[in-house]
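Enquirer: take a look and give me a structure for this.
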Amino acid sequence: MASTRDWLLADSPTTRLQAFAGRFYRLTLGLLSNPLTVVGLIIITVLIVTALAADWIAPYSAIRQDLSNRLMAPGWDHLMGTDALGRDIFSRVVYGSQITLTIVGLVAVIAAPLGLVIGAVSGYFGGWVDRVLMGITDIFLSMPKLILALAFVAALGPGINNAIIAIAVTTWPAYARIARAETLTFRNSEFISAVQLQGASPLRIIVMHILPLCTSSMIIRVTLDMAGIILTAAGLGFLGLGAQPPLPEWGAMIATGRDFILNQWWVATMPGLAIVVVSLGFCFLGDGLRDVLDPKQGEKH
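Expert: Now for the predicted structure:
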């Protein structure tokens, strides 16, 4: 926290840039010193590259059917086999990475800033503002995420856009709680008091000073939550409430392959492995970020 505060209070843009560069360099060295974190970085990098270059990586169309080649076992022509409609599973997994990355990215962009702002406002003002905002937060936290997401999707209707909204709505409360706890630790600190004496408005204090100080904890939590977001999205897809056919969403692919799990195991196993590997990648990366950005918290685990 001290390094972040020093960066905020730096006298000039050049000093701030130097402080940021030094911190980024230390963060990179810390991440690369952990083997599991390196594995996580590799997995996430492969996911991003696969999603961006899906048109060049996938050998077949993700939606084109070929009934003459249905339920073929993995081989040279079809690395992961084919499904009940003759579609190449490897190509569908590759294109499915785009959907997974889109869901993860949009949920993080929507839920994290929303929770961050609500938690910071609640912690800074306290009183009735804190009671109202945290009361709403506790209502969301009292219900299981998947059940709540199912309720929202059932109300909004099936589809990938509604699934993203539903997952984001169920994810932000945890971020609000973290931001509130962080805000309470330095709300009455000397540097905040100094900014207040200079006549800064509450809006400026929250945006320019409190929110940046909560960023490290938020990055850690968001990265660790990515695995849960992927599993929730896959669960919605498995139940037919996420991405709709013929989109190659991994959860929906597992649902279509469950009827062949005993004889044609690859139809459901391959997208399932993709979910497991990507989830582990985010978990490894999140653990590494926690150890580097918050060493004391990392020691507790």
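Enquirer: how does this structure divide into domains?
Expert: The chain resolves into domains spanning 1-33, 36-300 when parsed by automatic domain parsing.
Enquirer: mean pLDDT lowest for which of these?
Expert: Here the lowest mean pLDDT among those goes to domain 1-33, at a mean of 59.
Enquirer: circling back to that earlier point, of the domains of the chain, which stretch is the most buried?
Expert: domain 36-300 (a mean of 18; mean count of other C-beta atoms under 10 Å). Just so you know, the C-beta spots here come from the backbone N, C-alpha and C atoms, and that holds for glycine as well.
Enquirer: check the offset of it from the chain's centre.
Expert: Chain-centre distance of domain 36-300: 3 Å, with C-alpha atoms, centre = their mean, to the nearest Å.
Enquirer: i'd like the first residue to be 58 from this point on
Expert: Sure, I'll start numbering at 58, so the last one becomes domain 93-357.
Enquirer: pull the CA atoms of stretch 95-113 into PDB?
Expert: Included here for stretch 95-113 are C-alpha records, laid out as PDB according to Å, rounded to 0.1, in the frame of the first residue of the first chain:
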ATOM      1  CA  VAL A  95       4.300 -19.100 -14.900                       C
ATOM      2  CA  VAL A  96       2.100 -22.000 -15.800                       C
ATOM      3  CA  GLY A  97      -0.900 -19.900 -15.200                       C
ATOM      4  CA  LEU A  98       0.500 -17.100 -17.400                       C
ATOM      5  CA  ILE A  99       1.200 -19.600 -20.200                       C
ATOM      6  CA  ILE A 100      -2.300 -21.000 -20.100                       C
ATOM      7  CA  ILE A 101      -4.000 -17.500 -20.100                       C
ATOM      8  CA  THR A 102      -1.600 -16.400 -22.900                       C
ATOM      9  CA  VAL A 103      -2.500 -19.500 -25.000                       C
ATOM     10  CA  LEU A 104      -6.200 -18.800 -24.300                       C
ATOM     11  CA  ILE A 105      -5.900 -15.200 -25.500                       C
ATOM     12  CA  VAL A 106      -3.800 -16.100 -28.600                       C
ATOM     13  CA  THR A 107      -6.200 -18.900 -29.400                       C
ATOM     14  CA  ALA A 108      -9.200 -16.600 -29.200                       C
ATOM     15  CA  LEU A 109      -7.600 -13.900 -31.300                       C
ATOM     16  CA  ALA A 110      -6.300 -16.300 -33.900                       C
ATOM     17  CA  ALA A 111      -9.200 -18.800 -34.000                       C
ATOM     18  CA  ASP A 112      -9.700 -18.300 -37.700                       C
ATOM     19  CA  TRP A 113      -6.200 -19.400 -38.400                       C
END
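Enquirer: list the contacts of that stretch.
Expert: 88-89, 114, 151-152, 154-155, 157-158, 334-335, 337-345 (C-beta atoms under 8 Å, 6 or more residues apart in numbering).
Enquirer: ok but G162 is inside a strand, no?
Expert: No. Counting by DSSP: H, G, I helix; E, B strand; the rest coil, G162 falls outside a strand, being helix.
Enquirer: so who does R234 touch?
Expert: G172, G176, M191, T194, L198.
Enquirer: against Q155, how distant is it?
Expert: Distance of R234 to Q155, given as C-beta to C-beta, to the nearest Å: 32 Å.
Enquirer: again, but for G294
Expert: According to C-beta to C-beta, G294 stands 14 Å off from Q155.
Enquirer: kindly report the same for D348.
Expert: 31 Å.
Enquirer: same check on N320?
Expert: Counting by C-beta to C-beta, the gap from N320 to Q155 is 30 Å.
Enquirer: for the protein, identify the residue most remote from the centre.
Expert: S125 (39.1 Å; C-alpha atoms, centre = their mean).
Enquirer: ok, that one touching L142?
Expert: No. Counting by C-beta atoms under 8 Å, S125 does not reach L142; the two are 11.0 Å apart.
Enquirer: returning to what we had before: tabulate the contacts of R234 in TSV, adding columns for distance to R244 and secondary structure.
Expert: Formatted as TSV, the contacts of R234 follow (distance: C-beta to C-beta, whole Å; DSSP: H, G, I helix; E, B strand; the rest coil):
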residue	distance to R244	secondary structure
G172	18	helix
G176	12	helix
M191	15	helix
T194	18	helix
L198	22	helix
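Enquirer: quick one: which of those residues is nearest to A238?
Expert: The closest of those to A238 turns out to be G176 (C-beta to C-beta; 7.7 Å).
Enquirer: correct me, but the closest one touches P230?
Expert: No. Judged on C-beta under 8 Å, G176 makes no contact with P230 at a distance of 9.2 Å.
Enquirer: which residues touch the residue farthest from the centre of the chain?
Expert: When contacts are counted by C-beta under 8 Å, 6+ apart, S125 touches G143.
Enquirer: pretty sure it sits in a helix.
Expert: Yes. Counting by three-state DSSP, S125 is found in a helix.
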